[in-house]
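# Got a predicted structure plus its sequence, pasted below:
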Amino acid sequence: MTEENLNQGKPDAEAHYERGSAYFEEGKYDRAIAEFTKAIRLKPDHADAYFKRGVAYFIKGDYVRAIADFSQAIKINPKDAEAYYNRGVSYLVRGDFIRAIDDFDQAINLNFNVAEAYYHRGDAYYFLEDYNRALADYTKAIKLKPKFAEAYVKRGDLYTDMGEENRAISDYTRAIKLKPDYAKAYFSRGVVYAIKGDYKRALADFNQAIRLKPDYGLAYYNRGFIYLKRGEYDLAIADFTQAIKLAPDLVQAYYYRGMAYYEKEDYNRAIADYTRAIKLAPDNAEAYNERGNVYYDRGDYNRAFADYTQAIKLNPEFAEAYSNRGRIFVVKGDYDRAIADYDQAIKLKPDLAVAYYNRGLAYKYKGEKEKAIADFKKALELSEDPIFQQGAKQKLRELGVE
């Protein structure tokens, strides 16, 4: 093609457009963009070139340029439903949910009656926590495309957030039937089984998710959590370690691995994990509280006190942190301040059995026998844990109560 031919206008704009389309189909997006740009220079109202260049930019993750190109395509052809749809998806990815919904509305109003338009509008409503509209859109997407496994999973996620676990499980199961290698469906169903306390089924689903997707960090994390709940601490540690390897900033993996190490009385590693969790999330009151527990068990009461106090500062309604800090005051013989912390813990959480038990100890040490007896009895009433009950009964016997 000669320089003279390149300047003849429309025919050569189409040649560049077609060449760009060929590069696009081959996945050579930079070359495609270059050709579409040449087509636009020669024919500034080439809506298709703007549209396809926008799609190429989208695939490359350049959503700003993608939006600009889709906007130009719409300006040239205001009835281009697909351009509205793709701009809507671009806004959605950027977290601009209101604009995304507006574009999906326009696409649907222009008879772009495809499942994906409802599906993505459902996503936008979901992010905005407009669950009823999200549910309606996912359901419409499924009606239009009955084998839309991804829509079943998203609707399942929505049902999970709405507390409708059985409906969520039904949707995830349908997605798995439609797409047996869909790791996300197994993972999500496993999460719901875990919420329901059905750890056996949850574990089976997390195992399958990991088999299908060996780099599924969240599946390792959630399986580790199940192992932790079951007291299988070495397996929990192995899974949390793998989750951390795959997602080094996963705060909760450090936190729960710290718990597993704590249960194994590996205090140094537990402290290291809680410290890492705190470094990643300095406002994590729970990590301070748990690290305080490790320090307490090691007899490092000053560090434990500092951690409990920081947990309370971060979350003034953290009943367990008040109860734990009260133990430090007991160790130091400051029973009045201990009782003040237990009072606050009980005020915040009236069914916190350990706070009554610990306050009973403080009253016992102060010689206030009747108050101690009342607290130990209340602790017994609130807790069904046999070891805890045995301890409370022993304290009552020491006070002359059988």
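Received it, and whenever you're ready, just let me know what you need. Bear in mind the structure is a predicted one, so any value in this text is a computation, not a measurement.
# pLDDT weak spots in the chain?
1-11 (pLDDT under 70).
# Grab the most central residue of it for me.
Residue closest to the mean C-alpha point of the chain, counted by CA atoms, centre = their mean, is L218 at 9.0 Å.
# tell me which element I108 is part of?
I108 belongs to helix 97-109 when assigned by DSSP states H and E.
# Look up how far S323 lies from K347.
Applying CB to CB, to the nearest Å, the value for K347 to S323 is 11 Å. The C-beta positions use only the backbone N, C-alpha and C, and glycine is treated the same way.
# Tell me which of the two has more neighbours.
Here K347 and S323 are compared on neighbour count by other CB atoms under 10 Å; more neighbours surround S323, at 27 against 13.
# My read is that that one contacts V354, right?
Yes. At 5.8 Å, S323 counts as touching V354 under the criterion of CB atoms under 8 Å.
# Around D334, how many other residues sit close by?
Taking other CB under 10 Å as the criterion, the count of residues near D334 is 15.
# quick revisit: any idea how far the helix holding I108 is from the chain center?
26 Å (CA atoms, centre = their mean, to the nearest Å).
# which other helices and strands contact it?
With contacts taken as 3 or more CB pairs under 8 Å, 6 or more residues apart in numbering; DSSP states H and E, helix 97-109 sits against helix 81-93, helix 115-127.
# tell me which residues of that helix are tucked away?
Going by neighbour count (16 or more other CB atoms under 10 Å), the buried part of helix 97-109 is 97, 99-104, 106-108.
# picking up where we left off before, adding distance to I33, write the helices and strands packed on helix 97-109 out as JSON lines.
Listed next are those as JSON lines, based on distance: least, CB to CB, whole Å:
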{"stretch": "helix 81-93", "distance to I33": "15"}
{"stretch": "helix 115-127", "distance to I33": "24"}
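# Can you say which of these is nearest to E290?
Closest of the helices and strands packed on helix 97-109 to E290 is helix 115-127, at 31.6 Å (criterion: CB to CB).
# So what touches that closest one?
Applying CB atoms under 8 Å, 6 or more residues apart in numbering, the contact partners of helix 115-127 are 85, 88-89, 92, 95, 97, 100-101, 104-105, 107-108, 131, 133-138, 140-142, 144-145, 148, 150-151, 154-155, 157-158.
# again, only using 7 Å
85, 88-89, 92, 97, 100-101, 104, 107-108, 133-134, 137-138, 140-141, 144-145, 148, 151, 154, 158 (CB atoms under 7 Å, 6 or more residues apart in numbering).
# Give the buried residues for it.
115-126.
# what's the answer for stretch 137-145, then?
Result for stretch 137-145 [16+ other CB under 10 Å]: buried residues 137-138, 140-142, 144-145.
# Let's see which of the residues you listed end up in helices.
Counting by DSSP state H, the buried residues of stretch 137-145 place 137-138, 140-142, 144 in helices.
# Let me know the closest of these to K60.
Of all these, A141 has the smallest distance to K60: 26.7 Å, by CB to CB.
# how near is that closest one to G95?
21 Å.
# Downstream of the strand or helix carrying S188, the next helix or strand is which one?
Element membership of S188 [criterion: DSSP H and E] is helix 183-195. Per DSSP H and E, helix 183-195 leads on to helix 199-212 as the next helix or strand towards the C-terminus.
# Which residues does that following helix contact?
By CB under 7 Å, 6+ apart, helix 199-212 touches 181, 183, 186-187, 189-190, 193-194, 216, 219-220, 222-223, 226, 229-230.
# That one: which residues count as buried?
Neighbour counts using 16+ other CB under 10 Å place 199, 202-203, 205-206, 208-210, 212 of helix 199-212 among the buried residues.
# now swap in stretch 21-33 and tell me
Quick answer for stretch 21-33 (16+ other CB under 10 Å): 21, 23-24, 29, 31-33.
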